[in-house]
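Participant: Predicted structure and sequence below. I'll ask about it afterward.
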Amino acid sequence: MTDLRWKPNVTVAAIVEHDGRYLLIEERTPEGLRLNNPAGHLDPGETPEQGVIRETLEETACAFVPTAFLGLYMARFVRPDAGEDITYVRLAYSGHVGEPDPARSLDDGIERRVWLTLAEVRASAARHRSPLVLRCIEDHAAGRGHPLDVVVIDPTLLAPEIKRPAPSPSAADPDAALDP
């Protein structure tokens, strides 16, 4: 049986500003060298906060400390030649980073960290990996942010509920459903 359910890609992103500059990464993509916020896919059993901390460390070699939930963002793109139609659901967090760990290398495909002013981020929009790069930074610059606990994590994320099929009704059970 084919599962026809729509399954968007869930990602996390870090929006970091320091002294009027925003932290971006330059990465290789199928469309060439692009700028992105430190971001990536959420792993199974991982909270969004854990994911954004991990992804930022992997892509920048800097430890990220989330201080606010910026927002939930959605975008879609199509690569006709590859037959791809992908929707992203991005959970963006703002926060700060420490100094890069010189013992860490950047993830494969990441060329470098860059710090750009808001004007430089706007001017480089044609090089952004997605429209969400600028949108998240603009929202941060406008003062948007929510408490971290606005993202609710049910305990089943870390200890999944086990679902089992219901037992078949038995003829000996007087409450069993009758066949029509």
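Facilitator: Structure's in. What do you need? Numbering: from 1, shown residues only.

Participant: need the next SSE after the lengthiest helix in the chain, C-terminal direction.
Facilitator: For the chain, the longest helix by residue count, based on DSSP state H, is helix 48-60. Note on helix 48-60: by DSSP states H and E, the next helix or strand toward the C-terminus is strand 64-79.

Participant: The very next helix or strand once past that following strand - contacts with which helices or strands?
Facilitator: Sequence order places strand 84-97 as the next helix or strand after strand 64-79, per DSSP H and E. Applying 3 or more CB pairs under 8 Å, 6 or more residues apart in numbering; DSSP states H and E, one finds that strand 84-97 makes contact with strand 9-18, helix 48-60, strand 64-79, helix 132-141. In short, each C-beta sits where N, CA and C put it, glycine included.

Participant: Residues in contact with the last one: which ones?
Facilitator: Spelled out, that is helix 132-141. Identification of contacts with helix 132-141 by CB atoms under 8 Å, 6 or more residues apart in numbering yields 13, 15, 17, 22, 24, 35-37, 70-71, 73, 75, 88, 90, 92, 94, 118, 121-122, 125, 128.

Participant: returning to that earlier point: may I see the helices and strands packed on strand 84-97 organised as TSV, with distance to Pro102 added?
Facilitator: Shown next, in TSV, are the helices and strands packed on strand 84-97 (distance: least, CB to CB, whole Å):
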stretch	distance to Pro102
strand 9-18	19
helix 48-60	13
strand 64-79	17
helix 132-141	27
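
Participant: Which among the ones you listed is found nearest to Ala103?
Facilitator: Smallest distance to Ala103 across these (CB to CB): 11.8 Å, for helix 48-60.

Participant: Can you list the helices and strands that that closest one packs against?
Facilitator: Using 3+ CB pairs under 8 Å, 6+ apart, helix 48-60 is in contact with strand 9-18, strand 21-29, strand 39-41, strand 64-79, strand 84-97, strand 110-117.

Participant: Now do that helix, average pLDDT.
Facilitator: The average pLDDT within helix 48-60 is 98.
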